[in-house]
Every structure is written in structure tokens, then in C-alpha cells.
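# please find the sequence and the predicted model below.
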Amino acid sequence: LPFPLPPRDNVLVASDPSLSFREVPMLAIKTILVPTDFSEASETAVKYGKALAEAFGSSLHLVHVVEDLLAHAWAAEVYVASMPSLRDEIEKEATERLGAILTDEERQLLRVTTAIVAGNPFVEIIRYARAHEIDLIVLGTHGRGPVAHMLLGSVAEKVVRKSPCPVLTVRPAQHEFVMP
């Protein structure tokens, strides 16, 4: 550079003389959120979340959102009588599945927090991220076609648009981490 840059906090300056002079911002990723619906896309997101949490020394939050069945017109007619027992059963199964995602060693190493919340998935993911001061959300995306996306909407797209922090979206067929 033809002029010196003023010193700044949270910046790493390349000290290797073979590298060109440049500033690299330091990322402080202390908490990573991986919302899961237990799909293949979510499994991929968990792999990325684990690797990133380990690399940054971050804590990992795994969250499953149980959709409110009464929010769907078809469900209101079918399930009203059995709602409490159905919700308990869904939450019990989700708790078991969340517990099976990581080993005890991984849970301890990554300081894992698991949670099950009820509501609209995109709203609850954003709410959780704000409440727990999440630094990064790693989110699996199904990669549906444009027609399905138009009809169903995309939780991932809504989270990216409204998130209070950066969001990494991953699809199941993307690059896999290779351990050295």
C-alpha cells in the first residue's frame, strides 16, 4: 500500500514477509446455532457446525422447532382432541433424537446446549438466536425447486433475511469435511 493503515482492534496483520501486507479481520464466533429438523440437510449442517465449533472453540446450540399444529387449518380439525398427548409425544421423540446427534464426548468438548421450542420454525430460530446472542447460524437447506419454494416458502431464506448474525447455509450434496 502507498500509505500505512492506522492500527485497529480485532485485526490480525499478516506478519509473514512472503505475504502481501493486508489486514484480516478476526472473527469472534463464541456461539454457533444449528437448527435441526432431523433431515439429511440438517445432518450436513450439524457436521459443519461441529467442525466450526471445534475450530473456533465455540459452544454449539442444537435446536429443534416443533411446529404448532393448530396453526395449520387441516390440523385444527383433525388433532384438537389429542393435541396435548400428541405434542408430548413429538417433544419426547425430538428430545431423544437431539440426544443421539452427538456423542457424550462431543457434547462436553463443544459445550453443547440442546433445546426444543414450539412455534413457527423461522420465527423461533431468529428468536433463539437473539435471546442467546448467537454469533453464527449453520442451517441446512433442502434446495427445493422454484415451484415448491414459491408454494412452501423457505425457512432458510427467511432466516438469512431476518437473522441478527451471519448465516451459513449448506446442502447435503456439498463438500464434505475431510479430517487430516
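Great, that's in hand.

# for the closest residue to Arg111 other than its chain neighbours, what are its contacts?
Distances taken as C-beta to C-beta, 6 or more residues apart in numbering place Ser59 nearest to Arg111, at 4.0 Å, with adjacent residues excluded. Bear in mind the C-beta positions are built from the backbone N, C-alpha and C, glycine included. The contact partners of Ser59, by C-beta atoms under 8 Å, 6 or more residues apart in numbering, come to Lys30, Thr31, Ile32, Ala53, Leu110, Arg111, Val112, Thr113.

# send the alpha carbons of the biggest strand by length in the chain over as CSV?
In the chain, with assignment by DSSP state E, the single longest strand is strand 59-66. Coordinates of each C-alpha in strand 59-66 appear next as CSV, following Å, rounded to 0.1, in the frame of the first residue of the first chain:
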residue,chain,number,x,y,z
SER,A,59,-20.2,-23.5,22.1
LEU,A,60,-22.7,-25.3,20.0
HIS,A,61,-26.5,-24.9,20.3
LEU,A,62,-28.7,-27.6,18.7
VAL,A,63,-32.4,-26.6,18.4
HIS,A,64,-35.4,-28.3,17.1
VAL,A,65,-38.6,-26.4,16.5
VAL,A,66,-41.9,-28.2,16.9
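
# got the buried residues for it?
In terms of neighbour count (16 or more other C-beta atoms under 10 Å), strand 59-66 has its buried residues at Ser59, Leu60, His61, Leu62, Val63, His64, Val65, Val66.

# give me the sheet partners of that strand and which way each runs.
strand 31-35 (parallel), strand 113-118 (parallel) (DSSP bridges).

# I'd assumed Glu105 was in contact with Glu54.
No. Glu54 lies out of contact with Glu105 (C-beta atoms under 8 Å); the separation is 11.7 Å.

# higher neighbour count, those two?
Neighbour totals were compared for Glu54 and Glu105, and Glu54 leads with 13 against 8 (other C-beta atoms under 10 Å).

# from Lys47, how far off is that one?
For Glu54, the distance to Lys47 (C-beta to C-beta, to the nearest Å) stands at 11 Å.
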